[in-house]
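For reference, the sequence and a predicted model appear below.
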Amino acid sequence: MCGRCITLTYDEVMDVIHQIEVGLSIQVEPDWPAQYPQAYPKSRVPLILSEGAPDFGAPESSAPQPNQQLRLFAEEKTWGFEESWKNGVVFNTRIESADKPMWRESLAHRRCVICARGFFETHATETVPSPKTGRMIKAQYEFNVPDQSILFIGGIWKEDRFSMVTTQANADMVPIHHRMPLVLRPAELASWFGPEYLRLADRSAIPLEAHRA
């Protein structure tokens, strides 16, 4: 399951929110020298959270339109829910688990968005020599969306923790893994924060590019 991604800084997430609010196409260039922080479970990650009613942009729009009702803000939280039965943290949540007690409240009322430049997934069977030890290890691939500099990934939160939401792999992802993060188009953010979020479970139309990491 996805446990590594290239995230934005807090200030970059704030820039993204501003571009969403004024209806601009979303582009974020890192300050020089470029910083590309990588996040893992237990990392602190800046997220997009919302309050208010979502009402920006039509689904077919390439970018959200200005919105006066949905109020977005950035907040840092730690990746992974702490549970007594789990060694470590629970850092992925299946969208199909919306009716399970552990996830029900967060999926219903506490959704968020992770801003990333890419995410990583380990191949189910392919192995490569480790550059450190020379031993054979499972290959890792970095995923991006073509012609989209920033990935938006659905998440849920509770108190100071968050988890990345996953769904069934699409055709681009399935050669590597049977699950994938819930990657959202910019124009789908309003739907993710709205009551019809479950209709976003099907990510078959989201193109992904894979590069061996």
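Okay, I see it.

Helices of this protein, start to end?
Ranges of helices within the chain are 10-22, 101-109, 189-193, based on DSSP state H.

Could I get the average pLDDT for the second one?
In this model, helix 101-109 has a mean pLDDT of 94.

Leaving out chain neighbours, which residue sits closest to G155?
C112 (4.6 Å; CB to CB, 6 or more residues apart in numbering). Every residue, glycine included, has its C-beta placed from N, CA and C.

follow-up on the earlier one: point out the most buried one among the helices of the chain.
Each of the helices of the chain was given a mean neighbour count from mean count of other CB atoms under 10 Å, and the largest, a mean of 22, is that of helix 189-193.

Relative to the whole chain's centre, how far out is that helix?
13 Å (CA atoms, centre = their mean, to the nearest Å).

elements contacting that helix?
Using 3 or more CB pairs under 8 Å, 6 or more residues apart in numbering; DSSP states H and E as the contact test, the elements touching helix 189-193 are strand 111-129.

Quick check: neighbours of the strand it packs on in the sheet, parallel or antiparallel?
strand 5-7 (antiparallel), strand 44-51 (antiparallel), strand 136-144 (antiparallel), strand 151-158 (antiparallel) (DSSP bridges).

Can you point out the buried residues in it?
111-123 (16 or more other CB atoms under 10 Å).

And V145, what's its pLDDT?
Predicted confidence (pLDDT) for V145: 95.

ugh, wrong one, I meant A58
For A58, the pLDDT comes out at 37.

how close does the spatially most central residue of the chain get to R135?
Nearest to the mean C-alpha position of the chain, by CA atoms, centre = their mean, lies I153 at 2.1 Å. Taking CB to CB, to the nearest Å as the measure, I153 falls 31 Å from R135.

now L72
Applying CB to CB to L72 and R135 gives a distance of 45 Å.

Who are the contact partners of A108?
Residues in contact with A108 (CB atoms under 8 Å, 6 or more residues apart in numbering) are A98.

Neighbours of the nearest residue to R44 once chain neighbours are set aside, how many?
Ranked by CB to CB, 6+ apart and with sequence neighbours excluded, the top spatial neighbour of R44 is E76, at 5.1 Å. Applying other CB atoms under 10 Å, we find 13 residues neighbouring E76.
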